[in-house]
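Chemist: next input, structure requested:
(chains A and B)
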Amino acid sequence: MGDLLFRLGCDIGGTFTDFILLNQETGETEIHKLLTTPDDPSKAVLSGIERYLESRPDLLSEMENIIHGTTLVINAIIERKGALTALITTGGLRDILEIGREKRYDIYDVFISYPPPLVPRYLRREVGERINRDGLVIKRLDEQEAGKVAAELAAAGVESIAVCFLHSFVNPEHEQLMGRVLKETCGQIPFSLSSEVLPEIREYERTSTTVANSYVQPLTNRYLNNLKDSLSSMGFNRKLFVMLSSGGTASLETAIKYPIRICESGPASGVMAARFYGRAAGIEDLLSFDMGGTTAKSCIVSGGQAAMTQTYEVARMHRFKRGSGIPLRIPVIDLMETGAGGGSIAHVDDMGLLKVGPISAGAEPGPACYGRGGAEPTVSDADLCLGYLNPDYFLGGQMQLDHEAGLAAIQDRIGVPLKVSLTDAAWGIHSLVNENMAAAIRMQVAEKGLDISRFTLVAFGGAGPVHAYNLASTLNISCILIPHAAGVASALGFFTVPLSFEHSRSHKASLSDADMGEIERIYGELEEEGRLILSGAGYSGEIEYSRTADARYSGQGFEITFPLPHRDFRGMDVEQVIKSFNQHYQALYGRLYSDIPVELVTLRSVARGPERHLNLSRPELKGGSVDDALKGNREAYSPEIGQIMNHTVYDRYLLPAGTALKGPAIIEERESTTIIGKGGRAVMDEYGTLHIEVAAGK
Amino acid sequence: MNLKLDAISTEIFWSRLVSIVDEVAVALLRTSFSNVVRDAEDFSVAMFDAAGNLLAQGTSSIPSHLGAMPNVVKHFLDRFPPQTLVPGDAIITNDPWIGNGHLEDVFLATPVFHHGKLAAFSLNIVHHCDIGGRYGTSESREIFEEGLRIPISKLCKAGEPNEDIFNIIAANVRTPDKVIGDINAQLAANHVGSTRLLEFLEEQGWENMDHLAREIFDRTEAAMRASIEELPDGTYRQEFIGEEAGTSGRPITIKVAVTIKGSDIHVDYTGTSPQEDKAINVALNYTYAHTVFGLKAAINPVILNNEGSLRCFRVTAPEGCILNPRFPAALFWRIPIGHMLPEMVFHTLHPVIPERVMAGNGSTPLSTIAFNGEEVGGRRFVDIVFFNGGMGGRSDRDGVSCLAYPANISNSSLEILENEAPLLFEKKELICDSGGAGRFRGGCGQEIVMRVPTEGEGTARTVAAFVAGGRFERPAQGLLGGKEGSCSRIVLNGDHVYDTSQEFLLKPGDVVSMLVSGGGGYGSPLEREPRLVAEDVRNGMVSLRKAGEDYGVVLDESTLEVDEEATKAARAARDGGIS
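Modeler: This is a model prediction of the structure:
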């Protein structure tokens, strides 16, 4: 590895497929975008590659690998385009999938509804078998019945099968046996066992995750194999990797076995890019903040590690209401998503209060200022009113913004009904959307017991740099980084991540009298599974294993994940492990219960290849002074003094490295605009990243 | 200091306050010990102003907890006036007449001081898994049998825990670790609330929340009044017969009169049966909570719930009636009557707003199994699990199967339950034909089967179980021609069938089933799209027989395809509907 010149990243989004080609020697990147081809997403991928071939005919022979992110899986679930899937459960429990948690996500809504289960009831079948909490078989799996069920499902034409038995995470014997029966009876129909997809306690979440895995497996399999074959016919036979929701990559084969793990591959890449830019600037604690057209996504990176979660939801009935979707338990970058993007619509509610989002004007008709018939005032319209956006230089001048239409929408829909001035209305929208994002970020931070003011905000996406300064100020954050080409920075994340995969298994045991040999044995198995996955991806070098465990005080129902040293458990000082759990718990909740036994619930192991070092080329930076980058002046709103004032406007492409400029200022680039408040300072570093110091106090 | 508030700053400050309260909920959930809190999420959090007015409640609160909110902190202030409070105090009570209508709900409030002055209260309410007394029974005649009653007391004084109170509680409950663990979680959560609120006040340079509270209350009140004004004035009445008879043997009648006048609503329960010497009485707070909840859900579900929206509603019930019992009435099992109240409100207002209410709810009242016992080896266990029936059909969609209403309580993972108690859950399944037929079908109910393992399968020695619910004899009603849902029942060892809540002393090998009722249908079943009936039959939610009998839909028995012509004929023969 490493001798070949190029790597290619490609991210298939809902609207665009983004490509980024990296020259590993020079660190140069070449970016382009094509429209996504939803009927067969590999088409756009191939045309994208062909476009590179026009200028570099030998590219494929010089390409080390291709890394791929896709919304295919999540869209298949949202749009219900997955396979006709069946579910086989322990007798009496086929409706666990449909019954769910029985709780309302909105207490007052008489019209509440939930996404229908991915497997309709007539394809949910039961077999007689029972394993108890200790893993003891108290009723043998009836193989004859199992064979009969399998044959009936095959006859019904199902395309994929999920199996979830009670307590299978303690003893997978019956699921494995069922798997053998399926193989014998159903031949080519793929199946997922819950003890492989998610060997963790809580049958509803385990069933839901296993079913979702089955549901998307055939199409993921088809698509990835097609892609591989097409690339191969173009002459590319080296490795194709897929980005995981956890911010690692995996081989094609692993992605096909666990397609549910690639749900959030695109957004994960954005966080990895933010982490990369942070690292390059020597910053390990940061808040990744990606604000686009419809939503804002944020993630905490602490000590260089992106925050992870195991609880995740897709296909929500109400996009921002927890509990309204299909729960998946997979390792996923802990992204907080709020309905706050440039297109989010502002309105006045029943109580006469200003509200922004979550409804978005989208790309069509888009904000009023796009001049495509949108009449609703949006965040972008507010940003335009405030003087933050340049109507003549939106997307580098490719699109003319309709200043009048933006003003009119805000004036008519917000200013007049609320009896406030145009500027107050626009600033209200700008600051309220920031407040909404700040609230979401605060919750995320609270769940982790961190102090956000120590963090650096890394802002990207089209609207990120416009809102970063005021958001930082709301959160008492004093430093901001705005990467070069912030509008498309996220695709870079593909090149920075290692091959990695997490395996887990629930194992309930009180730490003080746990069988350490047993725990070591399980970790050994998890690590072996990890090694197989990495070697299957063609990696033969050193593997880094990290161990964590989900544990709780005996009697509690929520576990926290805490790190364990990578040492043989048999020689481990239990007191030391308990102490480490206590410290972790105290950091999160400010208290500990030293007299209550600590109970392990789930053991987790991540096998990881080496991090890739990425040396980006330094953009050609100008020498000279900031004055050379002066574009002019613009009247824009300054929250510091509460009125419109003169802002200096700079051309980002002409800014010299190392020289500071002072706010109030506006820095323009093609894909975005950066605002620097009064009292703030900004310096461009040698990589073209803007470092902003936020003025203290409001 | 800028105290001027407009439509924009009010919203900004308000979202901040709500996010603080939600953060308190996260802290409580994540540090609690009992299944009731962490899985069932049977708790609420709220912030009050210094005078004891409700400012903001957590986004996912339990409706019943909201009833105590308007007055509970005011009661605390009567007992401990501001000059007797200091930073670090924590006030506790579980008095049902002040709190939430039974002893299990423990209220904990922490006064928040800013610049030496009382500025706010952070309060949370937790349903504890045990509070002593006779566990899980409706047989108690007086409150004294039902457990420990904690009058309004300081649980902490100036930051020092009052160990005596902790000890008294610990000595009176079966699982002190969980109960004390949850009380500590309540303290920790309020600590988070106080800290965040102080940061907020400091940042804004405010002394307290009073001006923000006034602004929010006035706006909420105005919006609620505007919604009420759209409704025609008048008095609407309903009567409901409870199925659980009191010790007197007489059926329990609830009479309700809802009077809409201008922008005010008065709900009066005059004529309702007197209180009983049985633990089925409903304290006035609980009556209030569920009445107001139903009003808000039907009239303006979107608006905030706070002092302002509550100003438009008045709820009265004569003292001594079952909805406003006098001390020392027994109260534990207040659900069978209390949970019916939102539905009574819906059905009373039905002629006025038919499109905004739902048919009768199979999950009303909440069904539960409360069990406790001992494992071989002596470990004691106690737990309570909840099951829900089907929701009623709505004016544009079917009822959801198995969804809590009006309580908002999750079920628990069976795997977790089996780990906590030596039981085997052998079935949790939707019941065919349980959802009332209708143009929009009622949601299906569910059957739960629980078995005490025999030797060799598990480690149970004895299990006492209180299996409870409602709709045993009076099913959830349909609306506008929709049919009723199925009834609930309890079955012991396959042959003893019960039509009331039951207490059992179970031994290894015993099997208890609970069948929870389905929701009522909305609109005539003859108007339901035949395609949807066919789908229900294919999915085993409606039987082939009922498809014909109730819906007039004829299906091919082998393919389950709709026979359009035969269906048309069958429906025409019904002569325009079911009465």
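
Chemist: output stretch A:144-151 as CSV, restricted to C-alpha atoms.
Modeler: This file holds the C-alpha atoms of stretch A:144-151, laid out as CSV (Å, rounded to 0.1, in the frame of the first residue of the first chain):
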residue,chain,number,x,y,z
GLN,A,144,-39.1,-30.0,11.8
GLU,A,145,-41.2,-26.9,12.5
ALA,A,146,-38.2,-24.7,11.6
GLY,A,147,-37.9,-26.5,8.2
LYS,A,148,-41.6,-26.1,7.6
VAL,A,149,-41.5,-22.4,8.3
ALA,A,150,-38.5,-21.9,6.1
ALA,A,151,-40.1,-23.8,3.2
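
Chemist: and chain B, is it touching that?
Modeler: No. Using C-beta under 8 Å from any C-beta of the partner chain, stretch A:144-151 stays clear of chain B, with a minimum separation of 15.3 Å. From N, CA and C alone the C-beta is placed, and that goes for glycine too.

Chemist: ok, residues contacting that stretch?
Modeler: For stretch A:144-151, contacts defined as C-beta atoms under 8 Å, 6 or more residues apart in numbering or on different chains pick out A:88, A:125-128, A:161, A:177-178, A:181-182, A:184-186.

Chemist: 7 Å instead, please
Modeler: Stretch A:144-151 is contacted from outside by A:88, A:125, A:127, A:128, A:178, A:181, A:182, A:185, A:186, using C-beta atoms under 7 Å, 6 or more residues apart in numbering or on different chains.

Chemist: try stretch B:448-467
Modeler: Contacts for stretch B:448-467 (C-beta under 7 Å, 6+ apart): A:92, A:132, A:138, B:136-137, B:369-377, B:387, B:422-428, B:490, B:501-514.

Chemist: just the buried residues of those residues.
Modeler: Buried by 16 or more other C-beta atoms under 10 Å in any protein chain shown: A:92, A:132, B:136-137, B:369-375, B:387, B:422-428, B:490, B:501-504, B:506, B:508, B:510-514, out of the contacts of stretch B:448-467.

Chemist: strands - which of these land there?
Modeler: Among the buried ones among the contacts of stretch B:448-467, the members falling in strands (DSSP state E) are B:369-375, B:387, B:424-428, B:490, B:502-504, B:506, B:511-514.

Chemist: and stretch B:572-579, average pLDDT?
Modeler: What stretch B:572-579 shows for mean pLDDT is 64.

Chemist: can you list the domains in the chain?
Modeler: Using chain A here. A:82-215, A:344-432, A:500-608, A:626-693 (automatic domain parsing).

Chemist: my question was about chain B
Modeler: According to automatic domain parsing, the domains of chain B span B:7-208, B:231-357, B:358-523, B:530-573.

Chemist: can you give the distance from the longest one to the centre of its chain?
Modeler: Relative to the mean C-alpha coordinate of its chain, domain B:7-208 is positioned 18 Å out (C-alpha atoms, centre = their mean, to the nearest Å).

Chemist: what's the answer for the second one, then?
Modeler: Computed by C-alpha atoms, centre = their mean, the chain-centroid distance of domain B:231-357 equals 14 Å.

Chemist: still on that earlier bit, columns mean pLDDT on top of the domains of chain A, output as TSV?
Modeler: Putting the domains of chain A into TSV (pLDDT from 0 to 100) gives the following:
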stretch	mean pLDDT
domain A:82-215	96
domain A:344-432	90
domain A:500-608	87
domain A:626-693	92
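
Chemist: residue B:261 is nearest to which of the ones you listed?
Modeler: domain A:344-432 (21.2 Å; C-beta to C-beta).

Chemist: gap between the two ends of that closest one?
Modeler: End-to-end distance of domain A:344-432 (C-alpha to C-alpha, to the nearest Å): 11 Å.

Chemist: please see if that domain touches chain B.
Modeler: Yes. Between domain A:344-432 and chain B, judged by C-beta under 7 Å from any C-beta of the partner chain, the touching residues are A:350, A:351, A:352, A:353, A:354, A:355, A:418, A:420, A:424, A:428, A:431, A:432.

Chemist: which ones among the residues you listed are found in helices?
Modeler: The members of these that map onto helices under DSSP state H are A:418, A:424, A:428, A:431, A:432.

Chemist: what's the most distant pair in those?
Modeler: The widest separation within those (C-beta to C-beta) is 14.1 Å, between A:418 and A:431.

Chemist: between those two, who's got more neighbours?
Modeler: The neighbour comparison of residue A:418 against residue A:431 (other C-beta atoms under 10 Å in any protein chain shown) goes to residue A:431, with 23 against 18.

Chemist: in the stretch 201-350 of chain B, what residue comes closest to chain A?
Modeler: Here the stretch 201-350 of chain B gets closest to chain A at one residue, residue B:301, 3.7 Å apart by C-beta to the nearest C-beta.

Chemist: that residue - that's part of a helix, no?
Modeler: No. Using DSSP: H, G, I helix; E, B strand; the rest coil, the secondary structure at residue B:301 is coil, not a helix.

Chemist: quick check: buried residues in stretch A:445-458?
Modeler: Neighbour-count burial for stretch A:445-458 [16+ other C-beta under 10 Å]: A:445, A:446, A:447, A:450, A:452, A:455, A:456, A:457, A:458.

Chemist: contacts for it next, please.
Modeler: Contacts with stretch A:445-458, where a contact means C-beta under 7 Å, 6+ apart, come from A:274, A:277-278, A:283, A:285-289, A:300, A:302, A:307, A:441, A:468, A:471-472, A:475-477, A:479-481, A:587-589, B:23, B:26.

Chemist: just those residues: which are in helices?
Modeler: A:274, A:277, A:278, A:441, A:468, A:471, A:472, A:587, A:588, A:589, B:23, B:26.

Chemist: residues of the stretch 151-300 of chain A that sit close to chain B?
Modeler: Contact residues (C-beta under 7 Å from any C-beta) of the stretch 151-300 of chain A with chain B: A:166, A:167, A:201, A:202, A:203, A:204.

Chemist: want to throw those into a markdown table with distance to residue B:178?
Modeler: Formatted as a markdown table, these follow (distance: C-beta to C-beta, whole Å):
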| residue | distance to residue B:178 |
| --- | --- |
| A:166 | 25 |
| A:167 | 24 |
| A:201 | 19 |
| A:202 | 20 |
| A:203 | 23 |
| A:204 | 23 |
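
Chemist: I'd like these as JSON lines, with neighbour count and secondary structure appended.
Modeler: Compiled in JSON lines, these are given as follows (neighbours: other C-beta atoms under 10 Å in any protein chain shown; DSSP: H, G, I helix; E, B strand; the rest coil):
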{"residue": "A:166", "neighbour count": "28", "secondary structure": "coil"}
{"residue": "A:167", "neighbour count": "25", "secondary structure": "coil"}
{"residue": "A:201", "neighbour count": "22", "secondary structure": "coil"}
{"residue": "A:202", "neighbour count": "22", "secondary structure": "coil"}
{"residue": "A:203", "neighbour count": "26", "secondary structure": "helix"}
{"residue": "A:204", "neighbour count": "24", "secondary structure": "helix"}
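
Chemist: what residue is smack in the middle of chain B?
Modeler: residue B:407 (2.0 Å; C-alpha atoms, centre = their mean).

Chemist: for that residue, give me its contacts.
Modeler: So residue B:407 contacts B:62, B:64, B:339, B:366 (C-beta under 7 Å, 6+ apart).

Chemist: next, count neighbours for the second one.
Modeler: So the one you mean is residue B:64. Residue B:64: 30 neighbours (other C-beta under 10 Å).
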